[in-house]
Every structure is written in C-alpha cells, then in structure tokens.
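> Return atomic coordinates for the entry below.
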Amino acid sequence: MPVLLLAGVGSAAYVCWSPGKDFTDGRHDRGHNAIWLQHGWLADDAWFSGDAGDALKLRLRDSEEIARLAQILRMHRITDVFPHLCPAGPNGQLPGLDPGQVQRFLDGTQGIRVIPWVGGVRGVHCLPDVPAWRHGFVASVRELLASFPGFAGVHLNIEPWPSGDADLLELLDELRAALPPGKILSVAAYPPPTVWHRFPDVHWEQEYFREVAGRVDQVSVMMYDTSLRWAKPYRRLIAQWTTEVLIWSAGTPVLLGLPAYDDTGVGYHHPAVENLEHALAGVHAGLCSLDALPSHYQGIALYSEWEMDDDEWRHLREHFLATDGLTVSR
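Predicted coordinates for the structure are as follows:
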C-alpha cells in the first residue's frame, strides 16, 4: 500500500510539473535568428547526381527559388544562415562550389549574413591533431573567403568534439589568425554536461566552453540529440542549458540551436520530444529565469531549413517571433 501511495503521489507530481513557458508576444525575439541550410544551395555540379540531383540543382540554382528562400528568412527574422560546405577532404580542402551559384545566392540574400558551414566528422574528414591537415584546412578557408568576399565568415562544425580537446582549440586559434578582418568565426558548440545524457564526447565542461567562446565571434549551441523520450524533462533541460550557456559564454554572442528535424529510429533523437514546441517552451523558461536578457543573447538557430514544414514555421511565428518588427521588452 505505501508503494502504491508513493507511486500515485509521484504520478500526480509529474502531471502538475510544468517546466516550460509559452509566450506569443515576441518578448524573446531580437530579430537576429539563424538557420542551417542544405548543401545544394552552394554546391558544384559534382555534388548532384542522378535525376533527383539534376532536378534539385535546377531548382536551387533558380533565382526565383533563392528569392523565395530569402523571403521566408526575412519573414521569420533570420539574419544568419549556415549553408553546408562539408565535409573537408583528407588534405583539409573544402568541397567544391559553383561560383555562379554563389554569386546568385549572395545577390538574392542581401542583408542576410551568409556564413558557410565547414568541418565534418573528426577522425574521418577532420584531423585537427595533424598539423598538415590543420594547415590545409585553414588555407582552404582563407582561399574561400578571399574568393568570395560576400561571405560573412565561416561556421565550424566538427563532431565529435570532446571537452578539453587542445587540438581543436589550436585549430580555432589558427583560423582566427587567418581570417580577413571583419569576418565571423562561428562555431557549432556542445551544451553543458547533464545527468540526462552521459556522453562526454558531446558535452563541454564550463572551463572548456569558455575557452572556445573566447576564441570565436559566435557560439551556436546544439541543444538536441539528447535521447530523451519524455517532453517535460527535455523542456527542463533546455531551460537549464539556456541559462548555463549564456552565463558560460562570457559575452560572446550566443544562438540557441533548436531541433526541427525528424530523424526517426536513431535512438539519440525522438521527434515527438525534440521539436520546436518543446524546445521553445524550454528557452522561454530559461530566459525568464534571468533578471534580464543578456546583451550577448542573439536568438535561436534552427536545425534545419530542409526539414522545416509549414506547421513548424507557423509555430515559430506564433510562439516566438515579434510580429510587429520590434522585440517586446520584458
């Protein structure tokens, strides 16, 4: 009987637990959000293959399609885009892109910062512990930005990236020194450790998070792939991560990376849990726990453009964006 009573109390407590918040007045939208874009927006001919690839190439290289994308971005107050330009090659070289398409894309997205997403899988595409690979990668990034000065910088995403990895800090230092003046060094960052997800390769301790943030111009924290199967703990975790990364980043602009994709059956991601509805509820709760919005809080980053559907765009508009063009103060 005591066991049944305890179980009943626990169930009631869980039902009453409300770890997220919901706002429709745009109070947490600063109008400087971001999104990860698919590879085809910049790709060269070699990347496309087969009839499906040819059709995609024709669609993405169409100026009207680029204009349509830009309209969606502006409507949803997205100012930074990370078009995929991965993986790096064995000598550190970046994948090929189509110069004509790059110019079309830059012309069609004026006013939006285009920050190519570079990197790949550590130990497969990226070898930061090998000086020759780092040299080749940095040289390729420098050549990219010299050839296409319309790019605002680069967004580095290497996975896995264990906390404490000194080789990756050295890579950041070398990239920082090689970038032309005024170009952004952005990084796809890992969230803090948590009892909900005990995999150290995909979480950064506070000291290491600060080391990374101090070397870059922007951290976009990947707050997903937690393996959680329950929505309320995920909302609570997002709220906790939101406050932690804003404190740990020590003034470096922060984007809160949120899930909008449907990788089913993979174990590390459950779309019914990790989605915009629950992630935004957690972000709202985390931001409300602070005395005021930190000046270095930039906004949210959506993963990803090629998975967003009409319902997700609508939820974003209704539950996060400032619809009057101004962020509502708290």
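
> Provide the secondary structure category for S163.
Assigned state for S163: coil (three-state reduction, DSSP: H, G, I helix; E, B strand; the rest coil).

> That one touches H203, doesn't it?
Yes - S163 is within contact range of H203, at 6.4 Å (criterion: CB atoms under 8 Å). In this view, the C-beta of every residue, glycine as well, is placed from N, C-alpha and C.

> Now for the two: what residues contact both?
190, 193 (CB atoms under 8 Å, 6 or more residues apart in numbering).

> what does the helix or strand where V187 lies rub up against?
Assessed by DSSP states H and E, V187 sits inside strand 184-189. Residues outside strand 184-189 that contact it (CB under 8 Å, 6+ apart) are 80, 82, 113, 115, 117, 119, 152-157, 159, 172, 175-176, 179, 204, 209, 212-213, 215-222, 245, 257.

> now for the protein, which residue lies nearest the mean position of the chain?
G257 (4.2 Å; CA atoms, centre = their mean).

> mean confidence score for the helix or strand where it lies?
Taking DSSP H and E as the definition, one finds G257 inside strand 254-259. The pLDDT scores in strand 254-259 average 98.

> Verify the contact between E211 and L169 for me.
Yes - using CB under 8 Å, E211 is in contact with L169, at 5.9 Å.

> Run through the strands of the stretch 101-250 of the chain in chain order.
113-114, 117-121, 153-159, 184-189, 218-222 (DSSP state E, counting those that start in this stretch).

> lowest-confidence helix or strand of this protein?
Counting by mean pLDDT, DSSP states H and E, the chain has its least confident helix or strand at helix 2-16, which shows a mean of 50.

> Next SSE downstream of that one?
Following helix 2-16 in sequence, per DSSP H and E, is strand 33-37.

> that older thread, now the angle between strand 153-159 and the strand holding V187, please.
Here strand 184-189 runs at an angle of 20 degrees relative to strand 153-159 (axes from the mean of the first three to the mean of the last three CA atoms, to 10 degrees).

> What residues sit buried inside stretch 270-280?
270, 273-280 (16 or more other CB atoms under 10 Å).

> Oops, could you answer that again for stretch 311-323 instead?
Buried, per 16+ other CB under 10 Å, within stretch 311-323: 312-313, 315-317, 319-322.

> Next: stretch 97-115.
97-98, 101-102, 104-106, 108-109, 112-115.

> Go ahead and name everything in contact with it.
Contacts of stretch 97-115 (CB under 8 Å, 6+ apart): 41-45, 60-61, 63, 66-67, 69-70, 73-74, 78-83, 85, 147-148, 150-155, 184, 186.

> that older thread, the strand holding V187 pairs with which strands?
strand 153-159 (parallel), strand 218-222 (parallel) (DSSP bridges).
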